[in-house]
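>>> Predicted structure and sequence below. I'll ask about it afterward.
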Amino acid sequence: MIELQDVAYSYGGGELLSGMSLALSPGSFHFLTGPSGSGKSTFLKLCYLELRATSGSIRLFGHEAATMDRDTIAAARRRIGIVHQDCQFLDHLTVAENVALPLTVSGRESPANRENLAELLEWVGLQHHKDAFPPQLSGGERQRAALARAVITGPDVVLADEPTGNIDWEMSQRLLTLLAEINRMGKAILMATHDLQLIRQAKTRVNARVLRIRDRTLHYAGADL
């Protein structure tokens, strides 16, 4: 669904990432690790074309990125759920309205989807905050809302940038369980994280591969994780 072949990315005259190759197929689950500043967020942005590769090839759902026009890119992005590290919301909308925003924008609001919204808010522990506004949420609550918003449309791929970074272990496990269930439905998951304990726990539930960015390149991590 997303394929990178020998991709490099440069910024400010220096090469940040080099020779990156990865294929995200239906039902795959990958963790992306690496030290702070190694380029994990940059790599995720390349995957959904927020950033354009300096060289190499990126394909989204069979389309070569270099030849995709704005409408084709928009259509491809609607099939990707994105959880940003810095969660952004519309502060004049409630939590429930923010989570449902992808449905509203795409014209997919329906009684069934509203029921799914209620279930999803309960699963991520925000059912009692559905009528609150984003400035009233803690950092962890904002991340939970961001994950709910990313998966509300049932995307084919979920790209998550440190979604458990500011929440406790119990909630991390709940979110991991949600991602595992989405993965079992055939969705591809790519999750950037620095939490090796979470990765070890996840590998008892899903058939996950672990990627590590080291020296600007992408490697499969060893069994020591």
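Received, thanks. Quick caveat: nothing in here was measured; it's all calculated off a predicted structure.

>>> what's the single longest helix in the chain?
helix 169-184 (DSSP state H).

>>> So what's the gap between it and the chain middle?
Chain-centre distance of helix 169-184: 13 Å, with Cα atoms, centre = their mean, to the nearest Å.

>>> Touching whatever helix or strand comes next after that helix from outside, list them.
For helix 169-184, the following helix or strand on the C-terminal side (DSSP states H and E) is strand 188-192. If you take Cβ atoms under 8 Å, 6 or more residues apart in numbering as the criterion, strand 188-192 is touched by 1-2, 24-33, 40-41, 43-44, 47, 156-163, 179, 182-183. Where C-beta positions appear, they are placed from N, C-alpha and C, glycine not excepted.

>>> repeat for stretch 26-33
1, 22, 24, 40, 43-44, 156, 179-180, 183-184, 186-194, 196, 199, 202, 206-213, 221, 225.

>>> So which residues of this structure form strands?
2-11, 14-24, 29-33, 55-60, 63-64, 80-83, 157-161, 188-192, 208-214, 217-220 (DSSP state E).

>>> for those strands, which one sits closest to residue 92?
Nearest to residue 92, of all these, is strand 80-83, at 21.8 Å by Cβ to Cβ.

>>> Remind me what the closest one packs against, helices and strands.
helix 139-151, strand 157-161 (3 or more Cβ pairs under 8 Å, 6 or more residues apart in numbering; DSSP states H and E).

>>> Can you tell me which of those is packed in deepest?
Ranked by mean neighbour count, the helices and strands packed on strand 80-83 are led by strand 157-161 with a mean of 24 (mean count of other Cβ atoms under 10 Å).

>>> got the buried residues for the longest helix of the chain?
171-176, 178-179, 182-183 (16 or more other Cβ atoms under 10 Å).

>>> rewinding a little: residue 150 is nearest to which of the strands of the chain?
strand 80-83 (3.6 Å).

>>> So in that sheet, which strands flank the closest one, and in what orientation?
Partners of strand 80-83 in the sheet, by DSSP bridges, are strand 157-161 (parallel).

>>> How far off centre is the partner strand?
With Cα atoms, centre = their mean, you get 1 Å for strand 157-161.

>>> Report the rounded mean pLDDT for that strand.
The average pLDDT within strand 157-161 is 94.

>>> pull the CA atoms of that strand into PDB?
Taking C-alpha atoms only, strand 157-161 is exported to PDB below (Å, rounded to 0.1, in the frame of the first residue of the first chain):
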ATOM      1  CA  VAL A 157      -2.900   2.300   6.900                       C
ATOM      2  CA  VAL A 158      -2.300   3.900  10.300                       C
ATOM      3  CA  LEU A 159       0.900   6.000  10.700                       C
ATOM      4  CA  ALA A 160       1.400   6.900  14.400                       C
ATOM      5  CA  ASP A 161       4.200   9.200  15.700                       C
END
